[in-house]
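1. how does the following fold in three dimensions:
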Amino acid sequence: MTESGAHDPSYRLGASVTVRSEEALRALLERPLDFGCRPSIVRIDQGGFRVEVIATGAQLGELMDAGYDVIAQSAPAERAEVGVGDRFAGGIVPRGFGRKEPGR
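-> Numbering: from 1, shown residues only. Below you'll find the predicted structure:
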């Protein structure tokens, strides 16, 4: 695995997925993808929609194979692990990228 995780098949990237109809949007939202805290859906011209997702390279490939228009964000220059252990054992795992607060 490289520092950015680009060769790790489980490494997750952000991406924009464009669909051309409400039916395609519904089908996308039924897929087991991470849409963050809630799906961010933007209506674009001529009845299309753009949705931000967080997915592995394999999942993004599946979307492209299924005919979705996918634009993946670049992998970060470096990847930092955040602690050890399972602090969510028995709890609900948060979704999305989160954010790093200054001084923490």
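
2. can I take it that M64 is in a helix?
-> Yes. Under DSSP: H, G, I helix; E, B strand; the rest coil, M64 falls within a helix.

3. hang on, it packs against V70?
-> Yes. Counting by Cβ atoms under 8 Å, V70 is a contact partner of M64 at 5.1 Å. For glycine as for every other residue, the C-beta is placed from the backbone atoms N, C-alpha and C.

4. which one's more surrounded, those two?
-> Neighbours were tallied for M64 and for V70 using other Cβ atoms under 10 Å; the higher tally belongs to V70 (18 against 14).

5. quick check: the more buried one vs T56, distance?
-> Using Cβ to Cβ, to the nearest Å, V70 is found at 12 Å from T56.

6. same check, this time on S21
-> Distance from S21 to T56, by Cβ to Cβ: 26 Å.

7. between these two, which is the more surrounded one?
-> T56 (16 against 12).

8. list the backbone torsions phi and psi for the more buried one.
-> With angles defined as degrees, to the nearest 10, T56 sits at phi -80, psi 170.

9. ditto for D69
-> The phi/psi pair for D69 (degrees, to the nearest 10) reads phi -90, psi 110.

10. what about the nearest residue to A58 once chain neighbours are set aside, how many residues close to it?
-> Distances taken as Cβ to Cβ, 6 or more residues apart in numbering place P9 nearest to A58, at 5.8 Å, with adjacent residues excluded. When counting by other Cβ under 10 Å, one arrives at 10 neighbours for P9.

11. ok, now which ones touch P9?
-> For P9, the contact set (Cβ atoms under 8 Å, 6 or more residues apart in numbering) comprises T56, G57, A58.
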